[in-house]
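Engineer: What follows is a predicted protein model with its sequence.
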Amino acid sequence: MSLTPYIVLSAILFTIGCVGVLTRRNAIVVFMCVELMLNASNLALVTFAKQHGNLDGQIAAFFVMVVAAAEVVVGLAIIMTIFRSRRSASVDDANLLKY
Amino acid sequence: MTAFWILAPIMVLAALGILFVRKAVHAALLLAIVMIGLAVLYAVLEAPFLFAVQIIVYTGAILMLFLFVLMLVGVDASDSVVETLKGQRALALGTGVVLGMLLVTAATQASLGVARGLGDVNADGNIQGLANIMFSRYVFAFEVTSALLITAALGAMVLAHRERLEPRESQASVARQRMRDYADTGKPLGPLPSPGVFARHNAVDTPALLPDGTVADASISRVLAARGSVRSAPALAENIEDIERQLAGGSPVVGQRAGADAPPQEPERASRNPDPTGEDQ
């Protein structure tokens, strides 16, 4: 049994997450798309763990989950802070650092 | 593989849905579908520990955090459709398609061969195997993770903290402000008058009557007034034959509906009246 379909699914999910980050304007949805990309890479890691017969891939996926949790906490706090001062969760409105 | 072929189309469709749905809450729910599907795939791929962690941490904690912030920020904060950069959306879609084709081609061209499987390393149990590696070879990364988590918790606290710029309102200051309002504008000191309580009708949508028979506008909620669903007590009282039918033992449900239907103009006039004053309350 080949595990290629799992890798293909992971690639598709990663691509969808990528396009979502580029096209969506709501900062929270952009964050969800980042989560989707992290999850897709996790699927690849777990698949390769099974492919090679050792658990290192699963450990890596576990660490990715931990980092994702920390990233979501800080990111959502930033979004809330921006929303408090700008009354908007759109990534286009946060452009004060541009000039 | 059966689970995979059932779940994979559902997950891809849900992920595509995240790109196209209008409301952020729907995107969060679709993301939950993808994550639960991934959890099942982990179970199929002989990773029971990650299966549990995926459901508990991702679907349970992270998605709940997303929904929590969505509710704080406001559910109606939907995407703007205005493009800041011209043609960015189309370019992003094109790039995404190219990237997807590249990745899929690379994945299908590589010959993975037969999977070795985790039967040997999982012989003592998946969690024991993971713990053996994590607390030997990856113990430093594990320790660093704790520092990362503490930093994240501190960062969230610092970012979400808000300084109180004005002193907290106490009961005494509220009372003083009320007296000042009464002195300045004549705003009544006591609570607002309650809605009308009548023999046949004591609902919140019937305004109280003042001693001279006029309607007390402040006695109805301004939400009801704005919705136009305020009834007029005099109009209900004038419907004499309905009252007589009820007194004679008729069905009160029919009587009430007739009473509400009979004066169509009256309630509208009564509801339009309180609007200007209702705004000030």
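Structural biologist: Happy to help now that I have it. Numbering: from 1, shown residues only, chains lettered A, B, ... in the order given.
Engineer: so which strand or helix has residue 33?
Structural biologist: I went with chain A, as the question did not name one. When secondary structure is defined using DSSP states H and E, the element that contains residue A:33 is helix A:27-52.
Engineer: my bad, the chain I had in mind was chain B
Structural biologist: Under the assignment given by DSSP H and E, the secondary-structure element containing residue B:33 is helix B:24-44.
Engineer: and what of residue B:157?
Structural biologist: Assessed by DSSP H and E, residue B:157 sits inside helix B:139-160.
Engineer: any idea how far that helix is from the chain center?
Structural biologist: Using Cα atoms, centre = their mean, to the nearest Å, the mean C-alpha position of helix B:139-160 is found 29 Å from that of the whole chain.
Engineer: Show me what secondary structure element comes after it.
Structural biologist: Next along the chain after helix B:139-160, taking DSSP H and E as the criterion, comes helix B:171-185.
Engineer: what helices or strands is the very next helix or strand once past that following helix leaning on?
Structural biologist: Of the helices and strands lying after helix B:171-185 in sequence (DSSP H and E), the nearest is helix B:222-227. Secondary-structure packing of helix B:222-227 (3 or more Cβ pairs under 8 Å, 6 or more residues apart in numbering or on different chains; DSSP states H and E): helix B:265-272, helix B:274-280. All C-beta atoms are positioned from the backbone trio N, CA, C, and that covers glycine.
Engineer: tell me which residues in helix B:222-227 are buried?
Structural biologist: Buried residues in helix B:222-227, counted by 16 or more other Cβ atoms under 10 Å in any protein chain shown: B:222, B:224, B:225.
Engineer: Quickly note the distance from residue B:218 to residue B:230.
Structural biologist: As for residue B:218, its distance to residue B:230 is 12 Å (criterion: Cβ to Cβ, to the nearest Å).
Engineer: Could you do residue B:105 as well?
Structural biologist: Distance of residue B:105 to residue B:230, given as Cβ to Cβ: 68 Å.
Engineer: Chain A: helices as residue ranges?
Structural biologist: With DSSP state H as the criterion, chain A has helices at A:4-23, A:27-52, A:56-86.
Engineer: right, and residue B:93 touches residue A:23 too?
Structural biologist: Yes. At 7.1 Å, residue B:93 counts as touching residue A:23 under the criterion of Cβ atoms under 8 Å.
Engineer: more crowded one of residue B:105 and residue B:230?
Structural biologist: Each of residue B:105 and residue B:230 had its neighbours counted (other Cβ atoms under 10 Å in any protein chain shown), and the higher figure belongs to residue B:230 (28 against 12).
Engineer: Tell me the secondary structure of the closest residue to residue A:53 other than its chain neighbours, please.
Structural biologist: The shortest distance from residue A:53 to any residue that is not its chain neighbour, by Cβ to Cβ, 6 or more residues apart in numbering or on different chains, is 3.2 Å, and that residue is residue B:116. Using DSSP: H, G, I helix; E, B strand; the rest coil as the criterion, the local structure at residue B:116 reads coil.
Engineer: quick one: contacts for residue 30?
Structural biologist: Just going to use chain A. Residues touching residue A:30, when contacts are defined by Cβ atoms under 8 Å, 6 or more residues apart in numbering or on different chains, comprise A:20, A:21, A:24, A:91.
Engineer: you looked at the wrong chain, it should be chain B
Structural biologist: Taking Cβ under 8 Å, 6+ apart, one finds B:14, B:15, B:17, B:18, B:21 in contact with residue B:30.
Engineer: on that earlier part again, is the residue nearest to residue A:53 in contact with residue A:49, as I believe?
Structural biologist: No. Using Cβ under 8 Å, residue B:116 and residue A:49 do not qualify as a contacting pair, with a distance of 9.8 Å.
Engineer: outside of the helix or strand in which residue B:94 is found, which residues touch it?
Structural biologist: For residue B:94, the host element (DSSP H and E) is helix B:88-109. Applying Cβ under 8 Å, 6+ apart, the external contacts of helix B:88-109 come out as A:4, A:7-8, A:10-12, A:14-16, A:18-19, A:22-23, B:83.
Engineer: list the buried ones in it?
Structural biologist: When burial is assessed from 16+ other Cβ under 10 Å, helix B:88-109 yields the following buried residues: B:89, B:92, B:96, B:100, B:103, B:104, B:107.
Engineer: what's the distance between the closest residue to residue B:84 other than its chain neighbours and residue A:32?
Structural biologist: Taking Cβ to Cβ, 6+ apart as the measure, residue B:84 lies nearest to residue A:92, with 5.0 Å between them; neighbours along the chain are not counted. Counting by Cβ to Cβ, the gap between residue A:92 and residue A:32 amounts to 17 Å.
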